Structures are given as structure tokens and as C-alpha cells.
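>>> Give me coordinates for this.
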Amino acid sequence: MGFEDALAIEAGYPLCYWLRDSFFQPDLFADPAWDILLDLKAAAQEGQQVSVSSLCIAAAVPPTTALRWITAMAQSGMLVRRQDPADARRVFIELSAETSAKLDDYFAALATRSAPMI
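Here you go, the predicted structure:
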């Protein structure tokens, strides 16, 4: 099962929240943190870099709220900031290796629990 399949399961499977909470702090999901994580994971899967401004749009909240969450998540070690070598005014955001691995584990567990029982 690919990332896109797992993401579709997550979006349509309301009981996945208890599973998600076993991989990440539950208070992340009251705000745009989950959308930020999913956007960055999808971008990484596609080999794309995500700028701060693009991530603010993907978070679907006011830019100041998104920036506050991006900063907090970077300070906690969940996200990594990388300066654009071609344009010093731009910063790219990516998942830390640990956060990316946790998302992989979460989606693998979700896929296992969503598999049809025979």
C-alpha cells in the first residue's frame, strides 16, 4: 500500500484518531499541525521542497497562526528549516527524520488495521 492509499484511508476512517494519538501528541490535532505534517509528507514522497509561504497556505489557517505552529514544531524538533541556497530570502521546511519515520509507522499501522479480515 502506498502513501496515497494510506492517506485516503486516514481521511475516510474516523476511528483512526485513537491510533494517530498513539504515535503523536493528541494536542497537535486541535490546530493545523496535522495538515502541516501531511503536506510535508506528501511533498517528501513527491521529491518536492515546501517553502514557508506554501506551507502556510496548506495549513488552511491565517498566516500568523501557521507561522506560529511552524515555529513551534521546528523548535520541538518535528520540522527542519533549510535555507534556499539559490535565494537567501526563502526558507524550506521539511519533516525531521524522526517525524517522517513516525508518519511511516502510523500509516503502516493504519493500513494493517484497515486491511479486510478474511
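
>>> alpha carbons only for contacts and neighbour counts from here, please
Fine.

>>> Low-confidence regions, the chain specifically.
Across the chain, the ranges flagged by pLDDT under 70 are 1-18, 27-30, 113-118.

>>> and if we set it to 50?
The chain contains residues with pLDDT under 50 at 1, 13-14, 117-118.

>>> Find the nearest non-adjacent residue to the residue nearest in space to the middle of the chain, please.
In the chain, the residue lying closest to the centroid (Cα atoms, centre = their mean) is Leu37, at 1.1 Å. Using Cα to Cα, 6 or more residues apart in numbering and skipping residues adjacent in sequence, the residue nearest Leu37 is Leu95, 7.4 Å away.

>>> Show me what the one you found bridges to in the sheet.
With DSSP bridges as the criterion, Leu95 is bridged to Leu79.

>>> and it, how far is that from Thr112?
The spacing between Leu95 and Thr112, counted by Cα to Cα, to the nearest Å, is 24 Å.

>>> So which of the two has more stuff around it?
Each of Leu95 and Thr112 has its neighbours counted (other Cα atoms under 10 Å); Leu95 has more, 24 against 12.
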